[in-house]
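Undergrad: Generate a structure from the sequence data that follows.
(one chain, ligands or ions: 3)
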Amino acid sequence: MNPRTITLHDCDFSTYLYEEEIIARITMLAEQISEEYKGKNPLFLAVLNGSFMFASDLMKRISIPCEISFIRLSSYRDMESTGNVKEVLGLTEDVKGRHVVVLEDIVDTGHTVHNLINQLRAKGPASVEVASLLLKPDCLQHKLDVKYVAKSIPNDFVVGYGLDYNGLGRNLRDIYKIVS
Ligand code: 5GP
Ligand code: MG
Ligand code: MG
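TA: Ligands and ions are numbered 1, 2, ... in the order given. Sure thing, here's the model as predicted:
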């Protein structure tokens with residue numbers, strides 16, 4: 001397939017991961033998770049907004065009884081991750097004793113997920129794991145075990161399939177990376 005280029009705000013992006021590959025990888029992840037969480041009635045917590053497409057496509061392929069709910073983290077802006085601690089908003093489920101799987105769009109420095117996991121652990125779940133669509137291993141600043149990753153990518157800014165650049169791009173079915 002020929003690469004496609006789009007412009008969002010002031011930046012150009014070109015196709016990087018096509019929908020078919022994304023879905024193929026998510027399907028494998030869903031099979032693995034379904035196998036490993038048999039009999040555990042896991043509670044998936046999708047982190048909005050970025051994980052909405054990933055969560056949807058993953059959940060359709062989970063073949064065991066499970067629950068899904070949605071949380072938000074207090075603000076995050078622009079292209080760079082800030083060092084701020086983000087508070088969990090909208091968690092109405094009791095996670096005590098539950099097997100929790102956090103669904104994230106992307107783990108970059110790991111700061112967000114590190115923090116989120118600590119906040120969830122304080123509530124006494126039976127276990128907490130992370131499933132992330134994307135991981136930038138070269139950027140990780142925390143000793144983090146992101147157990148389920150659809151794809152590891154280099155340190156390039158990406159948009160599409162739920163991920164945004166200042167609000168734009170979440171609706172794209174493919175993932176694009178910034179043209180530098
Ligand atoms: P971390 O705390 O791991 O550094 O950053 C996680 C958050 O930063 C992600 O949930 C996402 O919102 C944002 N982020 C990090 N890298 C990218 C990227 O390449 N593209 C987009 N759109 N967001 C990113
Ligand atoms: Mg995120
Ligand atoms: Mg964003």
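Undergrad: For residue 129, which non-adjacent residue is closest in space?
TA: Once flanking residues are discounted, residue 129 sits nearest to residue 147: 4.5 Å by C-beta to C-beta, 6 or more residues apart in numbering. To be clear about C-beta, it is placed using only N, CA and C from the backbone, and glycine gets the same treatment.
Undergrad: gap between that neighbour and ligand 2?
TA: The gap separating residue 147 from ligand 2 is 16 Å, by C-beta to the ion, to the nearest Å.
Undergrad: Report the distance from the helix or strand of the chain with the lowest mean pLDDT to the chain centre.
TA: Ranked by mean pLDDT, DSSP states H and E, the weakest helix or strand in the chain is strand 88-89, scoring a mean of 93. On the basis of C-alpha atoms, centre = their mean, to the nearest Å, strand 88-89 sits 16 Å off its chain's mean C-alpha point.
Undergrad: Check stretch 21-29 too.
TA: Worked out by C-alpha atoms, centre = their mean, stretch 21-29 lies 13 Å from the chain centre.
Undergrad: same deal with stretch 122-137?
TA: The chain centroid and the centroid of stretch 122-137 are separated by 10 Å under C-alpha atoms, centre = their mean.
Undergrad: Can I get that stretch in PDB? Just the C-alpha atoms.
TA: What follows is stretch 122-137, C-alpha atoms only, in PDB (Å, rounded to 0.1, in the frame of the first residue of the first chain):
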ATOM      1  CA  ALA A 122      -4.000   1.100  47.000                       C
ATOM      2  CA  LYS A 123      -7.600  -0.100  46.600                       C
ATOM      3  CA  GLY A 124      -6.800  -3.700  47.200                       C
ATOM      4  CA  PRO A 125      -7.300  -5.500  43.900                       C
ATOM      5  CA  ALA A 126      -6.400  -9.200  43.500                       C
ATOM      6  CA  SER A 127      -4.100  -8.200  40.600                       C
ATOM      7  CA  VAL A 128      -3.400  -5.300  38.300                       C
ATOM      8  CA  GLU A 129      -1.900  -5.700  34.800                       C
ATOM      9  CA  VAL A 130      -1.600  -3.400  31.800                       C
ATOM     10  CA  ALA A 131      -2.600  -4.000  28.200                       C
ATOM     11  CA  SER A 132      -1.400  -1.200  25.900                       C
ATOM     12  CA  LEU A 133      -1.900  -0.800  22.200                       C
ATOM     13  CA  LEU A 134       1.600   0.700  21.800                       C
ATOM     14  CA  LEU A 135       4.800   0.900  23.900                       C
ATOM     15  CA  LYS A 136       7.800   3.000  23.300                       C
ATOM     16  CA  PRO A 137      10.500   0.900  25.100                       C
END
